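K.L.:
need a 3D model of the sequence below.
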Amino acid sequence: MRLTIILFFCFLSFLATSQKIKITADRLFDGENMKTDWGVIVEGNTILEVGPINQLGKSDETINYEGGTIMPGMIEGHSHVLLYPYNQTGWNDQVLKESRSLRAIRGAKMATKNLYAGFTTIRDLGSEGAGYADVAIKQSIEEGIIDGPRMLVAGKAIVATGSYGPKGFHPDFEVPLGAEPADGQNLITVTRDQIGKGADFIKVYADYRWGPNKTAMPTFSIEELKLIVETAKSSGRVVVAHAATAEGMRRATLAGVKTIEHGSDATVEVLELMKEREVALCPTLAATHAIAQYFDGWNGEAPEPRRVLGKREMFKRVLESGVTIVAGGDVGVFEHGENVKELELMVDYGMKERDVLRSVTSVNAQIFGLNKLGKLDANFLADIVVVKGNPEESISDLYNIKLVMKDGKIYKQ
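P.N.:
Prediction:
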């Protein structure tokens, strides 16, 4: 009798997991192109069918969104769940005064905000002094303890000795740093250690504000950067580089990094090199916008301060160069859940809406090695969002999230 009951409930569980859900709306963006009157059928955590609504097969349940657009779950290319806006608490105080436990709890909540904003995957580029709290947050999501996006995490990130902050203290006083210092041959050990402790990729600061008068200058030599890249490559991982200066970008590109973050001073020559070496750029426009508001007293209207104008001009050069653009705003510097700000600025600075949609879905998936994400296609994972409106006509419609499904599970409806 007991065995019969167990088998009965196993059968019910099988039925529940094999339910076919059809999602329909006025439009569907498949990661490449916008289609009219298309829908998708999901079974378990997998997409079964994508096509015209009148040609889709039968389902157990249908969810229709009149006036909506179905699209792949968005992928945030540059986040820091362990940071929050500096106009609330400065970076130094977050690193020095807040415990790792507090930051981890807050970071878990920030991860959830990213998911509910329609970003079902995020690439998190460093714990900023919180050790491997990002690895723990990722694990808590995978174990179902909290709701959150898929996470690709960097752990501590690597900086050259003496270059990173917090700074401004008595030289005999050792303060906690926002990343892990390493140099020369020790870079191999530190890279391996970070991998062993859960880093999905390695982040390195190829330059930083350690020059005269705090000007940004390169940190590592090309040889040092190559040590990091080759060590990470042996484990099947890639390296991404923070680089704002042209020389830092050049060294990182020649060393073989996968993406460059920020790229504020990118020259035509460096962009040509990046395109030749297939290195993508994550421009983090929204972070520059936020920093200008926090520290330049800018109200967000014209005239734009120099740092914002510089980023606008840089982005124009990137568009003209044909370098692959990763959609990532450095969210955490500005409010988590407002990730779409980066996409709005990409459009404002000259990128077509459809190309922005591609960047935040299929392009990011391809660059990050997420082979079953970023597109709505048969046998892809069921990461799906529905927005009210048409983001190909108004990118701001991406704020109007009506459905969030990750791995076949609905988190917001």
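K.L.:
tell me the mean pLDDT over the helix or strand hosting residue 92?
P.N.:
Assigned by DSSP states H and E, residue 92 falls within helix 91-97. The average pLDDT within helix 91-97 is 97.
K.L.:
what comes into contact with it?
P.N.:
Contact with helix 91-97 is made by 83, 84, 103, 128, 129, 165, 166, 175, 176, 177, 178, as judged by C-beta atoms under 8 Å, 6 or more residues apart in numbering. Just so you know, the C-beta spots here come from the backbone N, C-alpha and C atoms, and that holds for glycine as well.
K.L.:
got the contact list for the next helix or strand along the chain from that helix?
P.N.:
As assigned by DSSP H and E, the chain's next helix or strand after helix 91-97 is helix 100-116. Residues from elsewhere that reach helix 100-116, judged by C-beta under 8 Å, 6+ apart: 76, 79, 81-82, 84, 94, 122, 130-131, 133-134, 136-137, 140-141, 146-149, 151, 331-332, 336-337, 339, 401, 404, 406, 411-412.
K.L.:
CA atoms only: put helix 100-116 into PDB for me.
P.N.:
Extracted C-alpha coordinates of helix 100-116, given in PDB (Å, rounded to 0.1, in the frame of the first residue of the first chain):
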ATOM      1  CA  ARG A 100      30.800  41.000   4.900                       C
ATOM      2  CA  SER A 101      27.800  39.400   6.500                       C
ATOM      3  CA  LEU A 102      25.700  42.600   6.100                       C
ATOM      4  CA  ARG A 103      27.000  43.100   2.600                       C
ATOM      5  CA  ALA A 104      26.100  39.500   1.600                       C
ATOM      6  CA  ILE A 105      22.600  39.800   3.000                       C
ATOM      7  CA  ARG A 106      22.100  43.100   1.100                       C
ATOM      8  CA  GLY A 107      23.700  41.600  -2.000                       C
ATOM      9  CA  ALA A 108      21.300  38.700  -2.000                       C
ATOM     10  CA  LYS A 109      18.400  41.200  -2.000                       C
ATOM     11  CA  MET A 110      20.100  43.200  -4.900                       C
ATOM     12  CA  ALA A 111      20.400  39.900  -6.900                       C
ATOM     13  CA  THR A 112      16.600  39.400  -6.500                       C
ATOM     14  CA  LYS A 113      16.000  42.900  -7.800                       C
ATOM     15  CA  ASN A 114      17.900  42.100 -10.900                       C
ATOM     16  CA  LEU A 115      15.800  39.000 -11.600                       C
ATOM     17  CA  TYR A 116      12.500  40.800 -11.100                       C
END
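K.L.:
what residues of it count as buried?
P.N.:
Going by neighbour count (16 or more other C-beta atoms under 10 Å), the buried part of helix 100-116 is 100, 103-104, 106-108, 110-116.
K.L.:
reformat those as a markdown table; add distance to residue 306 and pLDDT.
P.N.:
Shown next, in a markdown table, are these (distance: C-beta to C-beta, whole Å; pLDDT from 0 to 100):
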| residue | distance to residue 306 | pLDDT |
| --- | --- | --- |
| 100 | 36 | 97 |
| 103 | 32 | 98 |
| 104 | 37 | 98 |
| 106 | 33 | 98 |
| 107 | 32 | 98 |
| 108 | 37 | 98 |
| 110 | 30 | 98 |
| 111 | 34 | 98 |
| 112 | 36 | 98 |
| 113 | 31 | 98 |
| 114 | 31 | 98 |
| 115 | 36 | 98 |
| 116 | 35 | 98 |
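K.L.:
of those, closest to residue 313?
P.N.:
Residue 313 lies nearest to residue 114 out of the buried residues of helix 100-116, by C-beta to C-beta, at 29.5 Å.
K.L.:
now the closest one: how far from residue 413?
P.N.:
From residue 114 across to residue 413, the span is 18 Å (C-beta to C-beta, to the nearest Å).
K.L.:
summarise which helices and strands the helix or strand harbouring residue 136 is packed against.
P.N.:
Here residue 136 sits within helix 133-142, counting by DSSP H and E. In terms of contacts (3 or more C-beta pairs under 8 Å, 6 or more residues apart in numbering; DSSP states H and E), helix 133-142 is packed against helix 100-116, strand 150-153.
K.L.:
which one of the ones you listed lies nearest to residue 292?
P.N.:
Closest approach to residue 292 among the helices and strands packed on helix 133-142 (C-beta to C-beta): helix 100-116, 22.3 Å.
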